[in-house]
Each structure stands twice: as structure tokens, then as C-alpha cells.
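Chemist: need a structure here:
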Amino acid sequence: MHLVINSYGATLVKENGLFVVETPEGKQSFPPDMVKSISISKAARITSDAIILAIKHQVEVLFVNDMGNPEGRVWSVQYGSISNIRKAQVNFLYSKAVIAWVKELILKKLDHQVALLLAFQPEKDENLPGHNRFQSAINSVEDYKRKISQQEGQVISDLAPSLRGWEGAAGKRYFQTIALLMPEEYKFEGRDRQPAKDPFNALLNYAYGMLYGKVEGALIKAGIDPYVGIFHRDDYNRPALVFDVIEQYRNWMDYVVIRLCQESAIPPEAFSKDEKTEAMLLGPLAKRILIQSVNDYLGEIISLKGRALSRHVHMEEDMHKLAKVFLKFGTDDQVR
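Modeler: Residues are numbered from 1 along each chain as shown. All right, here's what the predicted structure looks like:
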């Protein structure tokens, strides 16, 4: 269970060893062993007793902004306490293995984009023009994959501009094609990040914000420093490694948002537009539907590499595997 406290005036407290959410409408109690994470928005409050209860039960507490992006977190001191993983992480950063790792990361992202395009591609017999447009986009992404695979170099900084260019070009074709799936009220021209100007991008930005928090938490639990990035390592005072690792999971959020839009699951009145910035904003109902949909999707049990686990647990296991990759570079003589 993921507790999301975002109603204005709501307070999370501890009573009789339970988490209790207090609102003007009443109280609701939750056993701590049933709670996996707690998300608090600026409109809500949490007491220190509730925070300590969360720490004792290793429940992640995340403070988020209006866009769903994490602004801060509280976690148990048992997380991330293995300094040799972080030392090895820095050694890995300056090793020759970085180029192969970054290329594999981008290729995974593009593989997932192709998989989603194939999943939503119209049947040839029913919609030949639509089928062909999807096939053209799939071919383009596959071509960018080939170019990325063929890139060689000595240091990642030499390859980064080309890799980012091809990754961006593939993403542009991908979202142009996804736009063809949208009902009229969710039509969009392309990716808008800050700020979003349409409902689709507003939902996707918020979903990505939720994913950032979950990826960062998984890295911390695995003992990895989320601020020591590899591909995205030029961002000051930001968890740069999160921006690296998240790429392989973005397709999960894409799928959730695409399906919500296709089903017109969120009514138009659940969105509003800021008059000054023209930013599309999610109202409480839109956030509630999206948050529940994302958490349900991440909690769904799926089989990957022979293991039936929730997507969230698969992600956490991936981060533990990444820590083991870093540990292979635990001594300086392995860097060169």
C-alpha cells in the first residue's frame, strides 16, 4: 500500500502504533506493516511521531511538489550505509566499462519504445495508413539503435553528444506516433516538459515525477549514491544517476498514461490552465486517478527472467544488481 497525502489540511499522525490520516471528513488508520511508502504534498502535514514510525518500519517518506517530483525524503539509516559500494561506483565512473553500460541503457529504452509501438500498432487489414505510419516509426527507432550500437570511443564524453542526439531523435518519432492514438481531448503536438501545455504531457510529467522518486528510493536502498551520475553527470545538486537509470522504466509510465487517455478516464474538468504560464495543471481528481493507476501498475506481478514479482520489486532487484556491477570496480587497478 502506498499512502498519498495530498488533500489540503490532511495530517498523518501516529496513534496506537498505527498510521492515522486525519481530514475534515474523519480519520482512517493503516497498519505500518501494510504501508510501503508515504507521499506528502505541500498541502498536507506529517508529525514527527509518524515519521519515526515510518523509519522503524523502513517505510519511505517522500515530500513532493505540485508536479509530483520529489523535493526531499526520509529513510532509515540502514539504507545506503555500505561505503564500499559508493567508492566502487566512482571507480566505475572512470572505467572503460561506462561506454558499454550507457549504450545498453539507451538501447533498452529504445527497445521498450519499439515494444510499445508494436503493442499499439493498428492491424494492417483494418487500418493500413495507420499501420504503415507506426511501421515507419518503428523502422526509424531501429535505425537509431543500430547507429548507437556501432558507436565506439575511449571516453563517454566523446560519444555523449551523438548518443543524446540519436536518443532524442528516436524519442521525437516515438511520441509523434503515440500522438496518433489520442482521442481529441488528449491530442498533443510533441513532448512538453516544463511546463506541459496539454493534458497528455501534464499526466506524463507527473507520472515521471512519481517514477523519479521510486527509482531514487531503490538506488538508496541498494546502497548506491543517486547523485553520482554516469551519463547525466553534469547536473549540479540533482540526483543525476536517477536520470540515467530511469530511462529503462519510462515505458511503464508511458503505457499507464496512454491507456488513461485512450479510455478518457479523467474528465476535462479535472485539468486547469494557469493563465500566466499557460501550463496545464492536474487537479485533485486527476492526481488521484493517475497516482492510483501508477501504483496499481507498479504493484502488478509480472514475470521477468523467470521471476514473478511486482514491477516495483523488479526495479529494486535491478538496483541491487547494479550495486554488484559497481562492486566489481572496487579497487583502483580495475579502473584502467
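
Chemist: Only C-alpha atoms from now on, for both contacts and neighbour counts.
Modeler: OK.

Chemist: Strands of the stretch 51-200 of the chain, start to end?
Modeler: Counting by DSSP state E, counting those that start in this stretch, the segments of the stretch 51-200 of the chain that form strands are 60-64, 70-74.

Chemist: for the stretch 201-336 of the chain, that is, sorry about that
Modeler: Counting by DSSP E, counting those that start in this stretch, the stretch 201-336 of the chain has strands at residues 271-273, 280-282, 301-304, 307-310.

Chemist: quick one: which of those strands is nearest N201?
Modeler: When those are compared by Cα to Cα, strand 280-282 sits nearest N201, at 8.4 Å.

Chemist: what pLDDT, on average, does that closest one get?
Modeler: Mean pLDDT, strand 280-282: 93.

Chemist: partners of it, with directions?
Modeler: According to DSSP bridges, strand 280-282 has the following sheet partners: strand 271-273 (antiparallel).

Chemist: that older thread, highest average neighbour count across the strands of the stretch 51-200 of the chain?
Modeler: Of those, the one with the most neighbours on average (mean count of other Cα atoms under 10 Å) is strand 60-64, at a mean of 21.

Chemist: got the CA coordinates for that strand in CSV?
Modeler: C-alpha atoms of strand 60-64 as CSV (Å, rounded to 0.1, in the frame of the first residue of the first chain):
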residue,chain,number,x,y,z
GLU,A,60,9.9,5.6,2.7
VAL,A,61,8.6,9.1,3.3
LEU,A,62,8.7,11.3,0.2
PHE,A,63,7.9,15.0,0.1
VAL,A,64,6.7,16.0,-3.4
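
Chemist: Specify the angle between that strand and strand 70-74 in degrees.
Modeler: Going by axes from the mean of the first three to the mean of the last three Cα atoms, to 10 degrees, strand 60-64 is angled at 150 degrees with respect to strand 70-74.

Chemist: Give the other helices and strands that strand 60-64 contacts.
Modeler: With contacts taken as 3 or more Cα pairs under 8 Å, 6 or more residues apart in numbering; DSSP states H and E, strand 60-64 sits against strand 37-40, helix 48-56, strand 70-74.

Chemist: In TSV, list the ones you listed along with distance to K108 and mean pLDDT.
Modeler: Shown next, in TSV, are these (distance: least, Cα to Cα, whole Å; pLDDT from 0 to 100):
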stretch	distance to K108	mean pLDDT
strand 37-40	27	88
helix 48-56	34	91
strand 70-74	25	82
